[in-house]
Structure formats: C-alpha cells, structure tokens
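>>> model the structure of this input:
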Amino acid sequence: MRILPPPCQFRLLDPAHAGAASARRRKDPAASANELDAWARHARAANGFGDAAIGRTDSDARPSSASLYAGARIHRAAAIADGFASAWSATLGTVRSTFAAWRRQRLARATYRALLDLDRRTLRDLGLDRSEIGSIAAELSGAVGATRIRVLEAHLD
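Here you go, the predicted model:
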C-alpha cells in the first residue's frame, strides 16, 4: 500500500489574474513599488507593536552609497589632517628644543672662553679657581642646575 501526501492546502492563483497583475507591474514599476511599500507597512503593523510601527522609521532611512562615500572621504581627510598636525607639532617641538640647547651651549662656550682669558689673580679676586671655570660656565648658561650662591645671584639680576 502506498502513502499519498496530504492534499495541497494552498489556493492556486488563477493564471488569467496572475498574468494581468504582472503585465500591470511591467507597465508601471511605481505601482509595484507602492504595493510593496504598502505590504511592508502592513507587515510592520502586524509585528505586535501596533500603530507605532506604521510609517517610516529610522531603520528605513538608510543613507545612500554616495552619502556614505562622501562621509568616509570627510572622515579620512580629518584623520590625515590630524596626523599632519601632530607630526608638524612634534617637528616644531624638536626644532625648538634643539635651538634652545644650541643657544645654551653657545652661551656656556662664550662664558668659558671669557673666564679662561682671565689670569689667576683676577680669578682669585672673583673668588674662583681655574678648575671651576667649566662648571661655572655650565651653571651660568643653564645647562646644569645652579649650585653656587654667586650663580644664583647672577640669575636674579
């Protein structure tokens, strides 16, 4: 004995009616789009949330690819500009610190040479010894921290 499948429970479309609907859709694509929108609104209304789901929602309003592309370009341009600004700021900081170090070294060298040109008696009158010339020049230029009272007083003037 052979088991047959249950009878079909779906209603078959009338071929004449189906042909007319598809012909109408081919003639007016907007009518097809309107019918689909109406069906989508009906489906959203039947989701259990009632009238709140009828109409356009934020999820329906998707941005176009052109607006996404434009937004991506703006975001990329801002990121590149931030990168260049950071690089430029770091470069300027390095140049400034290098220039300040060069000026301190030049001042220390000039102070050292001026003190080195003094004789022993003049250095003793100033309260200095020839062995202290290098450290005094470095302290006066700011290359190292000041440890002598004379240097501290010189910075106050």
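
>>> residues near Ala108, how many?
Burial measure for Ala108: 20 neighbouring residues, criterion other CB atoms under 10 Å. Yep, even glycine has a C-beta here, placed from its N, CA and C like the rest.

>>> Leu140 now?
When neighbours are defined as other CB under 10 Å, Leu140 has 21 of them.

>>> how about the one 5 residues further on?
Burial of Gly145 is recorded as 8 neighbouring residues (other CB under 10 Å).

>>> check contacts around the residue nearest to Leu140 when sequence neighbours are not counted.
Excluding the flanking residues, the one nearest Leu140 by CB to CB, 6 or more residues apart in numbering is Thr111, at 5.2 Å. By CB atoms under 8 Å, 6 or more residues apart in numbering, the contact list for Thr111 reads 136-137, 140-141.

>>> mean confidence score for the helix or strand harbouring Thr111?
Using DSSP states H and E, Thr111 sits in helix 65-116. Averaging pLDDT along helix 65-116 gives 94.
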